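Visitor: I'll drop the sequence and a predicted model, then ask my questions.
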Protein chains: 2
Amino acid sequence: MTKIGIDAMGGDYAPQAVVSGAIKASGLIGRDSKIVLFGDKVRIEEILSRENCPPDTFEIVPTTEVIGMGDNPSQAFRQKPDSSIAVGFRYLMEQKIDGFASAGSTGAMMVGCMCTVKQIEGIIRPAISSVIPTIDGGEVMLLDVGLNVDCKPEVLCQYGTIGNLYAQGVMHKENPRIALLNIGEEKEKGNQQTKAAYEMMENCHDFNFVGNIEAKHLFSGEVADVVVCDGFVGNTIIKQVEGVYSMALHDGLKNSYFNKLNYETVGGTPVLGINAPVLIGHGCSSAEAIKNMVLQTEKTIKAQLDSKLRERFS
Amino acid sequence: MTKIGIDAMGGDYAPQAVVSGAIKASGLIGRDSKIVLFGDKVRIEEILSRENCPPDTFEIVPTTEVIGMGDNPSQAFRQKPDSSIAVGFRYLMEQKIDGFASAGSTGAMMVGCMCTVKQIEGIIRPAISSVIPTIDGGEVMLLDVGLNVDCKPEVLCQYGTIGNLYAQGVMHKENPRIALLNIGEEKEKGNQQTKAAYEMMENCHDFNFVGNIEAKHLFSGEVADVVVCDGFVGNTIIKQVEGVYSMALHDGLKNSYFNKLNYETVGGTPVLGINAPVLIGHGCSSAEAIKNMVLQTEKTIKAQLDSKLRERFS
């Protein structure tokens, strides 16, 4: 049985949106999967009864505290041991669930990752990634998108290895094309960091390195399946995508590609390089976004990425 | 008399597109301005006669050599002293022209800037900038967009001063809002470089610092008139804009904002922080793009940015 842990109290519209999203997802997950909700049991059961959902659809782990968006993440994680996030991580550590996802405090989720689950030995820095639709109907994975904003070249090279395993296991690409985000296609282009990373990636036999990619070709799907970059640059890229999306929305631009840029279809951002599957959802997640977060958590669990990474780096 | 020097041999469609563009511009520049064309006199005059343009519309400085896109910039600049770019910079140094622009080899143009005109004393690193239309009908200036890809915090702070003077002189903004590109709005967000730059910009009295701006708000026009960033990040941002523009074009998306993103309307990229007005155009410049490059060069000359910068940094 695969147990998908979900923080019912995380996100701007929790617990309503989370429970509704979990109900949507419950019909789509595998028969051998079960969703475990962490949160205020009374409120969760109220929503379930209002939505005519049989109470045994989910396992509910009652918790009494909530880490708010305004809380200091590391203090709150310690001082609220019965919060849905802290209890979720405890269950994850005790292997009572196989993965954990929340649309709540990103900071508290990261504290949970680093203090309980911890990073995989041999991995210099974990990453968060974003899987963005491409114009040709596919997807491209971008990492890091904000965790590691002062990135050494060797970390970028490791992200190639991590991204490769993710693209194989979760995106089902046989021989993923791994590229380095740069400001020119030629090997000698870039800043000190990317020039050094190019050298390392070229000589690394973990993945199919296709060289540099410029931001103008990121979303064509023609060059790469996985693009590695510094977290500052990656975060800037996804925020620019967000800006274009809201501009298109505002202008009523109808286009199948813009529609897909909607964060709701993405669901969550997996934290990569740690010892268990953890996903972080968008704070303003709707039920639709939560549904996709649950499904992506299930996929990430089944891909056994963490054990593959442990094997590679052991 | 303001003399606008233009490399007639620079760009993928030179000299035809350059001469045609200069003809278009000649009717739009001030009465006290004159365009000076550097290049193959016979070919230039052929185009002028074909387009029924009176030969005295321009001053023509005949040159016999051309620096190609495949040439090594610094070698070519030395070994082709009678190239349109080398002669143009000689004229600029001798003050026979007041500014110089080319859509040819960016590398050779930069060699010309650094070896002849030279950077202004007190300026740590020159920058190139991009002026991008905003959704509200205005413009935002982004610098650096590729010259300085390993940027120290103090360089970012200086870019605030340079951008401020440019926005006042060329964009005619009275009290330009200067922002720092970052991955969060709060002061404490960012990488080591932006955190340090924030401190410096906050304490600098040269300009109206409005704090951090995230990439999602770059083109709304609501936050800033000038945005400073590392050249690697800035180059990535404009290439992503280029990617969105070509995607919209490909999909036939009709939208007044996307139409304005066309590089043709921008014309050229001024090199900022050097002792004379120099602009670099897009390699694939059409006559329309050249027209705008000429007009922007005239505006940059008239703004006397270099003397204002010398004054500030003396």
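Guide: Received it, and whenever you're ready, just let me know what you need.

Visitor: helices or strands up against whichever helix or strand residue A:159 is part of?
Guide: Counting by DSSP states H and E, the element that carries residue A:159 is helix A:153-169. Applying 3 or more CB pairs under 8 Å, 6 or more residues apart in numbering or on different chains; DSSP states H and E, we find helix A:153-169 packed against strand A:127-133, strand A:139-143, strand A:177-181, helix A:192-202, strand A:226-228, strand A:268-272, helix A:305-313. C-beta: built from backbone N, CA, C; applies to glycine.

Visitor: may I have the beta-bridge partners of the residue most central in space within chain A?
Guide: Central residue of chain A (CA atoms, centre = their mean): residue A:269, 1.6 Å from the mean position. For residue A:269, the beta-bridge partners under DSSP bridges are residue A:280.

Visitor: what sits against it?
Guide: Listed by CB atoms under 8 Å, 6 or more residues apart in numbering or on different chains, the contact partners of residue A:269 are A:128, A:129, A:130, A:145, A:279, A:280, A:281.

Visitor: which one of those is nearest to chain B?
Guide: Here the nearest of the contacts of residue A:269 to chain B, counting by CB to the nearest CB, is residue A:145; it sits at 9.4 Å.

Visitor: which residue is the nearest non-sequential neighbour of the closest one?
Guide: Once flanking residues are discounted, residue A:145 sits nearest to residue A:234: 4.0 Å by CB to CB, 6 or more residues apart in numbering or on different chains.

Visitor: that neighbour contacts residue A:146, correct?
Guide: Yes. Using CB atoms under 8 Å, residue A:234 makes contact with residue A:146 at a distance of 6.5 Å.

Visitor: list the residues that contact residue A:80.
Guide: Residues counted as contacts of residue A:80 (CB under 8 Å, 6+ apart) are A:65, A:66, A:67, A:71, A:86.

Visitor: lowest-pLDDT helix or strand in chain A?
Guide: Within chain A, no helix or strand scores below helix A:256-260, which has a mean of 70 by mean pLDDT, DSSP states H and E.

Visitor: flag every buried residue along that one.
Guide: Buried positions in helix A:256-260, judged by neighbour count with 16 or more other CB atoms under 10 Å in any protein chain shown: A:257, A:258, A:260.

Visitor: quick check: the closest residue to the second one other than its chain neighbours vs residue B:236, distance?
Guide: Okay, so that is residue A:258. Once flanking residues are discounted, residue A:258 sits nearest to residue A:248: 4.3 Å by CB to CB, 6+ apart. If you measure residue A:248 against residue B:236 using CB to CB, to the nearest Å, the figure is 20 Å.

Visitor: neighbour count for these two, which is higher?
Guide: Each of residue A:248 and residue B:236 has its neighbours counted (other CB atoms under 10 Å in any protein chain shown); residue B:236 has more, 28 against 22.

Visitor: tell me the secondary structure at residue A:285.
Guide: Per DSSP: H, G, I helix; E, B strand; the rest coil, the local secondary structure of residue A:285 is coil.

Visitor: quick one: contacts for it?
Guide: By CB under 8 Å, 6+ apart, the contact set of residue A:285 is A:11, A:12, A:13, A:17, A:18, A:21, A:103, A:264, A:293.

Visitor: and the residue nearest to residue A:258, which helix or strand is it part of?
Guide: In the assignment (DSSP H and E), residue A:248 maps to helix A:231-250.

Visitor: and that helix, what does it pack onto?
Guide: With contacts defined as 3+ CB pairs under 8 Å, 6+ apart, helix A:231-250 has these neighbours: strand A:127-133, strand A:139-143, strand A:177-181, helix A:256-260, helix B:231-250.

Visitor: one more pass at 6 Å, please.
Guide: helix B:231-250 (3 or more CB pairs under 6 Å, 6 or more residues apart in numbering or on different chains; DSSP states H and E).

Visitor: tell me where the stretch 1-150 of chain A has helices.
Guide: A:16-26, A:41-50, A:73-79, A:84-93, A:106-112 (DSSP state H, counting those that start in this stretch).

Visitor: could I get those as a markdown table with mean pLDDT and mean neighbour count?
Guide: Compiled in a markdown table, those are given as follows (pLDDT from 0 to 100; neighbours: other CB atoms under 10 Å in any protein chain shown):
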| stretch | mean pLDDT | mean neighbour count |
| --- | --- | --- |
| helix A:16-26 | 97 | 24 |
| helix A:41-50 | 97 | 15 |
| helix A:73-79 | 95 | 16 |
| helix A:84-93 | 98 | 24 |
| helix A:106-112 | 94 | 24 |
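
Visitor: figure out which of those helices is closest to residue B:28.
Guide: Across the helices of the stretch 1-150 of chain A, residue B:28 has its closest neighbour in helix A:106-112 (51.7 Å, CB to CB).

Visitor: from the contact counts, what lies against that closest one?
Guide: By 3+ CB pairs under 6 Å, 6+ apart, helix A:106-112 packs against helix A:73-79, helix A:84-93.

Visitor: ok, now with 8 Å
Guide: Using 3+ CB pairs under 8 Å, 6+ apart, helix A:106-112 is in contact with helix A:73-79, helix A:84-93, strand A:278-281.

Visitor: with respect to residue A:165, which of these lies nearest?
Guide: Across the helices and strands packed on helix A:106-112, residue A:165 has its closest neighbour in strand A:278-281 (15.9 Å, CB to CB).

Visitor: quick revisit: from the contacts of residue A:80, which is closest to chain B?
Guide: residue A:71 (15.4 Å).

Visitor: burial of the closest one, as a residue count?
Guide: That count, for residue A:71 with other CB under 10 Å as the rule, works out to 18.

Visitor: what do you get for residue A:186?
Guide: Quick note: residue A:186 (other CB under 10 Å) scores 10 neighbours.

Visitor: what secondary structure does it sit in?
Guide: Here residue A:186 takes the coil state, with states given by three-state DSSP.

Visitor: chain center to the helix holding residue A:248: distance?
Guide: Remark: helix A:231-250 is offset 17 Å from the chain centroid, using CA atoms, centre = their mean, to the nearest Å.

Visitor: which parts of that helix are buried?
Guide: Those buried within helix A:231-250 under the rule 16+ other CB under 10 Å are A:231-245, A:247-248.

Visitor: what residues are up against residue A:310?
Guide: Going by CB under 8 Å, 6+ apart, residue A:310 touches A:120, A:121, A:275.

Visitor: now it: how far from chain B?
Guide: Separation of residue A:310 from chain B (CB to the nearest CB, to the nearest Å): 29 Å.

Visitor: same check on residue A:37?
Guide: Distance from residue A:37 to chain B, by CB to the nearest CB: 31 Å.

Visitor: just checking, that residue touches residue A:22?
Guide: Yes. Here residue A:37 reaches residue A:22: they are 6.3 Å apart, a contact under CB under 8 Å.

Visitor: still on that earlier bit, in the helix holding residue A:159, what's buried?
Guide: Buried residues in helix A:153-169, counted by 16+ other CB under 10 Å: A:153, A:155-169.

Visitor: what of stretch A:169-184?
Guide: Quick answer for stretch A:169-184 (16+ other CB under 10 Å): A:169, A:170, A:171, A:173, A:176, A:177, A:178, A:179, A:180, A:181, A:182, A:183.

Visitor: much appreciated, bye for now.
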